[in-house]
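Below: sequence and its predicted model.
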Amino acid sequence: MTLLNFHKANYVIDFFDWIDDSLLALNIVHNSSEIEESDWIDDHFRESLAYIQAREEGDNVIKMLKARSTAVKRLAGEPEQWKSFASSGIPLMSIAKIDELMDEILLISTTYLDSEKQIENKIAFLKSIESIVEQLPSSHFRHDFTQQDIDTIRPIWLNGDSLKQLLARSRYLLFKKESLWTASQKQRAEILFREYPDIKKAYYLSMQLGLIYHQAKTKDVALTRLARWYDQVDKSGFLSFGTIARTIQSHYLNIINFFDKRSTNAASESFNAKIKAFREQFRGVRDKAFFLFRLSKLFA
């Protein structure tokens with residue numbers, strides 16, 4: 001279908017949507033609930049400007065409106081629900097299609113309600129609803145977006161972040177283990193890792209290094225895991241891991257000594273920081289012997 005024919009088709013659909021919705025509203029106003037009852041059309045339209053301008057074709061217009069009114073009543077069903085249809089803002093033809101697809105809509109809704117309601121469940125739910133909307137005949141539900149645009153917008157809309165905001169708000173979760181993420185952080189991480197696979201790879205590389213220190217029990221196991229980790233870093237091509245990778249390569253024999261008694265020099269580093277802070281209070285030290293004496297009295 002060419003673009004011109006597409007617009008013509010939409011125009012015809014819009015025209016009949018307008019006719020049907022107007023006839024339904026007028027049937028409500030004139031309390032014309034019987035299917036074949038359409039006498040009000042003669043009274044309403046024979047004095048109208050459209051009928052006068054139609055001249056010889058005026059009677060044909062009246063016949064068309066009566067036939068269309070009968071079809072609209074049949075399509076609308078029970079008169080008790082006409083007012084809700086007229087006030088919904090949804091074209092009558094689309095309402096009829098929704099009624100036809102109601103079993104499928106209920107199945108989609110039930111599937112989502114029974115799910116874990118995570119971001120992937122929400123995206124699947126939206127895709128299913130979009131497929132329902134695409135089947136509605138009214139042009140009001142058409143759009144000019146490409147499928148790629150929709151696939152990009154959908155998770156951002158659900159998460160409420162732009163890509164720039166996503167990066168800024170994800171920095172805290174990248175410092176935490178995956179098991180400590182909150183529900184919202186899990187959703188944000190899923191989108192972040194899908195949009196930026198390099199960040200996902202870097203995150204798991206850093207977590208793997210920490211797990212080596214937490215899980216390895218012996219030097220041999222630790223050395224093997226460190227070698228594998230070093231190989232993964234080398235293949236990844238991430239320059240940001242270069243410093244620590246070179247440190248491990250140069251000092252791995254000293255590093256794995258940690259796994260003998262699983263002790264570190266954290267205590268000495270802490271004490272060294274206290275000494276520096278104490279020295280800075282006096283803008284340096286002139287009498288070293290007296291300074292060491294005071295340290296021994298304060299921290300011994």
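Nice, thanks for sending it over. Just so we're clear, the structure is a prediction, and the values are computed from it rather than from any experiment.

in the stretch 51-200 of the chain, which spans are strands?
Assigned strands in the stretch 51-200 of the chain: none (criterion: DSSP state E, counting those that start in this stretch).

what does stretch 291-300 rub up against?
271, 274-275, 278-279, 285 (C-beta atoms under 8 Å, 6 or more residues apart in numbering). For every residue, glycine as well, the C-beta is placed using N, CA and C.

Sort out for me which of the residues you listed are in helices.
Members of these lying in helices (criterion: DSSP state H): 271, 274-275, 278-279.

Quickly name whichever of the residues you listed is closest to I256.
Within the ones in helices among the contacts of stretch 291-300, the smallest distance to I256 is 24.8 Å, found for F271 (C-beta to C-beta).

Near the closest one, how many other residues are there?
13 (other C-beta atoms under 10 Å).

What score does it have for pLDDT?
In the predicted model, F271 carries a pLDDT score of 81.

Give me the distance between it and F145.
Plainly put, F271 is 62 Å away from F145 if you go by C-beta to C-beta, to the nearest Å.

repeat for K186
Counting by C-beta to C-beta, the gap from K186 to F145 is 28 Å.

More neighbours: which of the two?
K186 (13 against 10).

buried residues in the longest helix that the chain contains?
Assignment by DSSP H gives helix 3-29 as the longest helix of the chain. Of the residues in helix 3-29, those buried under the neighbour-count criterion (16 or more other C-beta atoms under 10 Å) are 13, 16-17, 19-21, 23-24, 26-28.

so which of those comes closest to S131?
Nearest member of the buried residues of helix 3-29 to S131, counting by C-beta to C-beta, is I13, at 19.3 Å.

so what's that closest one scoring on pLDDT?
So I13 comes in at 78 (pLDDT).

pLDDT at the residue nearest to it when sequence neighbours are not counted, what is it?
Nearest non-adjacent residue to I13, counting by C-beta to C-beta, 6 or more residues apart in numbering: S139, 5.1 Å away. As predicted, S139 sits at a pLDDT of 76.

For S139, the count of nearby residues, please.
Neighbours around S139, by other C-beta under 10 Å: 16.

Equivalent analysis for S138, please.
Per other C-beta under 10 Å, the neighbour tally for S138 reads 19.
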